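[1] Mind looking at a prediction? Sequence and model below.
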Amino acid sequence: MTHNTNQSTQALLKKHNLHIKKKFGQNFLVDDNTIQKIIRTADVNDQTTVIEVGPGLGAISKSLQQNAKGLIAYEIDDDLIPVLNDMFSAVDNFKLYHKDFLKTTIDEDIDNVSFSSDKLTMVANLPYYITTPILMKCLESSKRINRLVLMTQYEVARRLTASKNTKDYNALSVMIHYLTNATFEFKVSRNVFIPAPNVDSAVISLTRKESLPDIDEAFFFDFIKQAFKQKRKTLVNNLHAAYGLPKADIIKTLETESFNPSIRAEGISPQEFVNLSEIFKNIL
Ligand code: SAM
């Protein structure tokens, strides 16, 4: 662990008499090396505006603000607002929204900032208790966020970026691969945070796909959820339970599409799920 960020984090906590709040998922990153790796992975330049959820004590924020066109940050904790305002008082490419990211309208906030760009990159060491809601909100409600570099719990990072036929592959992995090009970037030890969480972390990057197939997305998302509902069951059994189709019909359809009728959801790739969901939508 390098000294700078660790010492400045301790100094900030003391100076502002701050107490770390578990309820907001606060684990402050205190390793310069990890911060630099995140910044390199984010690959931002003076054309890119960055969004950060939960800047905390600003460990990643300072480098982001300096390298990017500007930084838009959301922080929920009242006590951290003066620290951040202090840190960025001399710059005009930093906007702090003091609010719950899950309750905001992202595109409106983006439009209200003079240094916004058309496409934005999100960089965040996420509060782990709301990883999936934050991720889904970004992917579903702002098409302008086209790249996300996120620190999550290690196991979650594995699941989000998993490929078929691995134990981590699930409905969320399929959805992420459908919407983005997803990469597991690097693992991060639990020892580079104050306080140290109980598990290791990892950084992933998700780049939104420029075009998506013309399908019924609502049905597709439900279809993958149903397909994985009972992971140990075959696809035939899960689809039968979800949609009430006769098993013989499901088997026939799978065989026509060259699938073994005993296949489980974990053996089906995201692209194959897209095709199957359209076929089953038409049968139902
Ligand atoms: N970025 C800092 C770092 O890497 O050291 C802090 C990361 S800490 C894991 C998560 C941060 O998200 C905390 O500052 C916390 O207060 C903030 N936070 C938690 N829930 C939030 C929410 N719903 N909206 C905005 N910020 C939130």
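    Cool, got the structure.
[2] Please count neighbours and contacts with C-alpha atoms only from this point.
    OK.
[3] Next, the buried residues of stretch 230-250.
    By neighbour count with 16 or more other Cα atoms under 10 Å, stretch 230-250 contains the buried residues 231, 233-240, 245, 250.
[4] ok, so of those residues, who is nearest the ligand?
    Lys231 (30.5 Å; Cα to the nearest ligand atom).
[5] list the contacts for that closest one?
    Listed by Cα atoms under 8 Å, 6 or more residues apart in numbering, the contact partners of Lys231 are 264-266.
[6] Pipe these into a markdown table and attach neighbour count per row.
    What follows is these, written out as a markdown table (neighbours: other Cα atoms under 10 Å):
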| residue | neighbour count |
| --- | --- |
| Arg264 | 20 |
| Ala265 | 27 |
| Glu266 | 22 |
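[7] Out of those, the closest to the ligand would be?
    Nearest to the ligand out of the contacts of Lys231 is Glu266 (Cα to the nearest ligand atom; 30.8 Å).
[8] Name the SS class of that closest one, please.
    Classification of Glu266 using DSSP: H, G, I helix; E, B strand; the rest coil returns helix.
[9] now swap in Thr5 and tell me
    helix.
[10] Kindly report the same for Ala182.
    With three-state DSSP as the criterion, Ala182 reads strand.
[11] ok, it touching Ser173?
    No - using Cα atoms under 8 Å, Ala182 and Ser173 do not qualify as a contacting pair, with a distance of 9.2 Å.
[12] intersection of neighbour lists for the two?
    Common neighbours of Ala182 and Ser173, using Cα under 8 Å, 6+ apart, are 160-161.
[13] Would you map the helices across the chain?
    With helices called from DSSP state H, the chain shows them at 3-15, 32-42, 61-67, 81-87, 106-111, 131-141, 154-160, 171-179, 217-227, 235-243, 247-256, 270-283.
[14] other SSEs contacting the second one?
    Packed against helix 32-42, as judged by 3 or more Cα pairs under 8 Å, 6 or more residues apart in numbering; DSSP states H and E, are the following elements: strand 145-153.
[15] strand partners of the strand it packs on, parallel vs antiparallel please.
    Next to strand 145-153 in the sheet, as set by DSSP bridges, lie strand 120-125 (parallel), strand 201-208 (antiparallel).
[16] hmm, the first one in reach of the ligand?
    If I follow you right, that is strand 120-125. Yes - using Cα under 6 Å from any ligand atom, strand 120-125 reaches the ligand at Asn125.
[17] Give me the residues contacting that strand.
    Taking Cα under 8 Å, 6+ apart as the rule, strand 120-125 contacts 42, 44, 48-55, 144-152.
[18] mind redoing it with 6 Å?
    Contacts to strand 120-125, defined as Cα atoms under 6 Å, 6 or more residues apart in numbering, come from residues 49-53, 144-145, 147-151.
[19] quick one: the closest residue in space to Pro261 that isn't next to it in sequence and the ligand, what's the gap?
    Once flanking residues are discounted, Pro261 sits nearest to Ile251: 5.4 Å by Cα to Cα, 6 or more residues apart in numbering. For Ile251, the distance to the ligand (Cα to the nearest ligand atom, to the nearest Å) stands at 45 Å.
[20] again, but for Ile215
    32 Å.
[21] Could you check how far the residue nearest to Thr131 when sequence neighbours are not counted is from the ligand?
    Distances taken as Cα to Cα, 6+ apart place Thr152 nearest to Thr131, at 7.0 Å, with adjacent residues excluded. Separation of Thr152 from the ligand (Cα to the nearest ligand atom): 9 Å.
[22] Run through the bridge partners of Thr152.
    In beta-bridge terms (that is, DSSP bridges), Thr152 pairs with Ala202.
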